[in-house]
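Asker: return a 3D structure for these sequence lines:
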Amino acid sequence: MPRTARSPFLLAGLLAGAGVLHVTVPKVFDGTVPRVLPGTPRAWTYASGVVECALAAGLVHPRTRRIAARATAGFLVGVFPANVQMALDWRHRPALPRAAAFGRLPLQIPLVLWAHKVARAEGTSRS
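Answerer: Below you'll find the model as predicted:
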């Protein structure tokens with residue numbers, strides 16, 4: 001299988017892994033939920049985990065891959081404030097966790113571009 005053909009499955013694996021973690025160890029993620037959001041952080045943590053798993057499932061199936069990839073790009077942009085919240089909250093932690101929290105911020109860009117590329121590739125393969 002060529003690298004580009006594996007790309008949606010790798011992205012799906014990343015999303016599924018993150019989704020499972022959000023649901024199975026939610027306490028780790030609760031603190032990253034921006035305080036301005038209504039409801040409880042746990043509800044947002046579970047919801048984002050479910051969405052990540054649904055997006056992963058959509059990326060795996062060719063019929064839903066393009067829309068799932070577009071939705072993934074939008075989702076990754078949408079959760080960026082949680083990454084900012086985490087970085088701000090962790091700015092006084094020891095160097096390694098602080099570096100990880102701040103390192104997540106620029107990582108979001110290639111993830112969004114990856115999802116966009118999967119959507120574009122799927123669009124051209126159906127033409």
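
Asker: what's the neighbour count on Pro62?
Answerer: Here the number of neighbours of Pro62 (other C-beta atoms under 10 Å) works out to 11. For glycine as for every other residue, the C-beta is placed from the backbone atoms N, C-alpha and C.

Asker: surely it is in contact with Ala69?
Answerer: No: using C-beta atoms under 8 Å, Pro62 makes no contact with Ala69, being 11.3 Å away.

Asker: mutual contacts of those two, please.
Answerer: Glu122 (C-beta atoms under 8 Å, 6 or more residues apart in numbering).

Asker: any idea how far Tyr46 is from the most centrally placed residue in the chain?
Answerer: Among the residues of the chain, the one closest to the centroid is Leu76, at 4.9 Å (C-alpha atoms, centre = their mean). The gap separating Leu76 from Tyr46 is 18 Å, by C-beta to C-beta, to the nearest Å.

Asker: longest helix in the protein, by residue count?
Answerer: Using DSSP state H, we find that the single longest helix of the chain is helix 95-125.

Asker: packing partners for that one?
Answerer: helix 3-24, helix 62-78, helix 80-89 (3 or more C-beta pairs under 8 Å, 6 or more residues apart in numbering; DSSP states H and E).

Asker: give the buried residues for that helix.
Answerer: Within helix 95-125, the residues that count as buried by 16 or more other C-beta atoms under 10 Å are 101-102, 104, 111-112, 114-119, 121-122.

Asker: same thing with stretch 51-65?
Answerer: Those buried within stretch 51-65 under the rule 16+ other C-beta under 10 Å are 51-56, 58-60, 64-65.

Asker: reformat these as TSV; add pLDDT and distance to Ala95.
Answerer: Below are the buried residues of stretch 51-65 laid out as TSV (pLDDT from 0 to 100; distance: C-beta to C-beta, whole Å):
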residue	pLDDT	distance to Ala95
Val51	98	32
Glu52	98	29
Cys53	98	33
Ala54	98	36
Leu55	98	33
Ala56	98	32
Gly58	98	38
Leu59	97	35
Val60	96	38
Thr64	96	42
Arg65	97	40
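
Asker: many thanks, I have nothing further to ask.
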